[in-house]
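Visitor: Return atomic coordinates for the entry below.
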Amino acid sequence: DGIRPRVLYTIPSDGSNEVPVNTTIQITFSESMNMSSVEKAININPAINISDYTWQNSTELIIQLSENLNYSQSYTVRISTDASDNMGLHFSWPSSFSFLTLIDTDKDGIPDIDDPDDDNDGLCDTAYSPLNDESCVGNDQDDDEDGVIDQREKDSDNDVDNDGIKNGKDEDKDGDGLID
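Guide: Numbers count the residues shown, from 1 in each chain. Next comes the predicted model:
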């Protein structure tokens, strides 16, 4: 047909954020592709081991990864002009897309979106907020209902971040540079 192949869409899509670390990569092409040429033309940066390429109708490629992606990592998938369709026509230009995996600030293996203590300071993230969230059980209890969680009241004479300011008067008790 004389039409050069191109990428129609990808999963994850270009610019995606909060991509699960156990994702597969899917690429849909405009033409039936020469499968081996595409597989050789793919580069993922940073490098990750690929366990399998699965093709559906020679236009849809699913890339199975040998291991989970890293948290808080940007990945770029590139397909060089060496990729060709079944008629031998190559990409006119390289194709690429990038995405960012789920953030895990404290690197505890729990993405921030699911982590009730994403900075690992021992206080629930909801303790920094006037709203009390039930997702963090135990650490956000306020027995005397004065609006200050019990853990904070216990710690008010301590200096958790060792900055010389007692927790009771320190706006940044954990020393992360953000007002608690």
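Visitor: Please make it C-alpha for all contacts and neighbour counts, starting now.
Guide: OK.
Visitor: those helices in this structure, which residues are they?
Guide: 35-41, 150-155 (DSSP state H).
Visitor: Could you tell me the least trusted of those?
Guide: For the helices of the chain, mean pLDDT drops lowest on helix 150-155, to a mean of 55.
Visitor: Can you list the low-confidence ranges for this structure?
Guide: Applying pLDDT under 70 to the chain flags residues 126-162, 167-168, 173-174, 176, 180.
Visitor: The same query, at a cut-off of 90, please.
Guide: 1-2, 103-180 (pLDDT under 90).
Visitor: mind listing the strands for it?
Guide: 7-11, 16-19, 25-29, 42-45, 50-56, 60-65, 74-79, 95-101 (DSSP state E).
Visitor: on contacts alone, who are the packing partners of the third one?
Guide: Other elements packing on strand 25-29 under the criterion 3 or more Cα pairs under 8 Å, 6 or more residues apart in numbering; DSSP states H and E are strand 7-11, strand 60-65.
Visitor: now the longest one, how far from the chain's geometric center?
Guide: Right, strand 60-65. Here strand 60-65 is found 19 Å from its chain centre; the criterion is Cα atoms, centre = their mean, to the nearest Å.
Visitor: quick one, that strand and strand 50-56 angle?
Guide: Going by axes from the mean of the first three to the mean of the last three Cα atoms, to 10 degrees, strand 60-65 is angled at 160 degrees with respect to strand 50-56.
Visitor: Give me the sheet partners of strand 60-65 and which way each runs.
Guide: strand 25-29 (antiparallel), strand 50-56 (antiparallel) (DSSP bridges).
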